[in-house]
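Asker: please work out how this folds:
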Amino acid sequence: MTVACQLGRPARGVHAVAHRCRCGLPDVVETEPRLLDGTPFPTLYYVTCPRLAGAIGTLEASGLMRTMTDRIKADAAVAAAHARAHRAYLARRRQLGEVPEIAGVSAGGMPSRVKCLHVLVGHALAAGPGANPLGDEAHDALPPWWGSGPCVETDR
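Answerer: Numbers count the residues shown, from 1 in each chain. This is a model prediction of the structure:
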């Protein structure tokens, strides 16, 4: 119910709440790798809080994704950390189910580029510090999205 209120539509394929905001509401959900209608869904961690999503969108508009992609290309250590995040993401998704159509495909541009900070931040929040170093960096650059209280009114 809360996630649907956050999204403004029914939630699809939610497996579990993967992370909660400091206000107590979900801000990231873990999704099934295949939706009920049979569609493969590679985005394992999906940001649901509209304030968090908006703050991440502002980071995306700042050019941070391009800077991160350049760092992946130029720095072997950054590339290796991003590749580890990719492998961990795939391993967790496989625990929820095998979907041959998306085997080896993570999300957010991993492992060769950064094309979606929402995925990287969602992964970082859900899996914890160090799981996705670029996601951690993006998270650390965010303002306190929880600062003005819950993003939606709900009876929880």
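
Asker: distance of the residue nearest to residue 149 when sequence neighbours are not counted relative to residue 105?
Answerer: Once flanking residues are discounted, residue 149 sits nearest to residue 23: 6.0 Å by CB to CB, 6 or more residues apart in numbering. C-beta: built from backbone N, CA, C; applies to glycine. Per CB to CB, to the nearest Å, residue 23 is found 33 Å from residue 105.

Asker: quick one on the thing from earlier: please look at the residue nearest to residue 149 and residue 148 and confirm they touch.
Answerer: No - using CB atoms under 8 Å, residue 23 makes no contact with residue 148, being 9.2 Å away.

Asker: more neighbours: which of these two?
Answerer: residue 23 (16 against 9; other CB atoms under 10 Å).

Asker: tell me the SS of the more buried one?
Answerer: coil (DSSP: H, G, I helix; E, B strand; the rest coil).

Asker: okay, buried residues for the lowest-mean-pLDDT helix or strand in the chain please.
Answerer: Ranked by mean pLDDT, DSSP states H and E, the helix or strand of the chain with the weakest confidence is helix 2-7, at a mean of 93. Across helix 2-7, burial judged by 16 or more other CB atoms under 10 Å covers 2-3, 5-7.

Asker: now swap in stretch 70-83 and tell me
Answerer: Neighbour count says stretch 70-83 has 71-72, 78, 81-82 buried, by 16+ other CB under 10 Å.

Asker: shouldn't residue 51 be within a helix?
Answerer: Yes - membership of residue 51 in a helix is supported by three-state DSSP.

Asker: going along the chain, name the helices of the chain.
Answerer: 2-7, 50-61, 64-74, 76-96, 117-127, 133-140 (DSSP state H).

Asker: possible to save those helices as a markdown table with distance to residue 17?
Answerer: Below are those laid out as a markdown table (distance: least, CB to CB, whole Å):
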| stretch | distance to residue 17 |
| --- | --- |
| helix 2-7 | 8 |
| helix 50-61 | 14 |
| helix 64-74 | 26 |
| helix 76-96 | 14 |
| helix 117-127 | 9 |
| helix 133-140 | 17 |
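
Asker: for those helices, which one ends up most surrounded?
Answerer: helix 117-127 (a mean of 27; mean count of other CB atoms under 10 Å).
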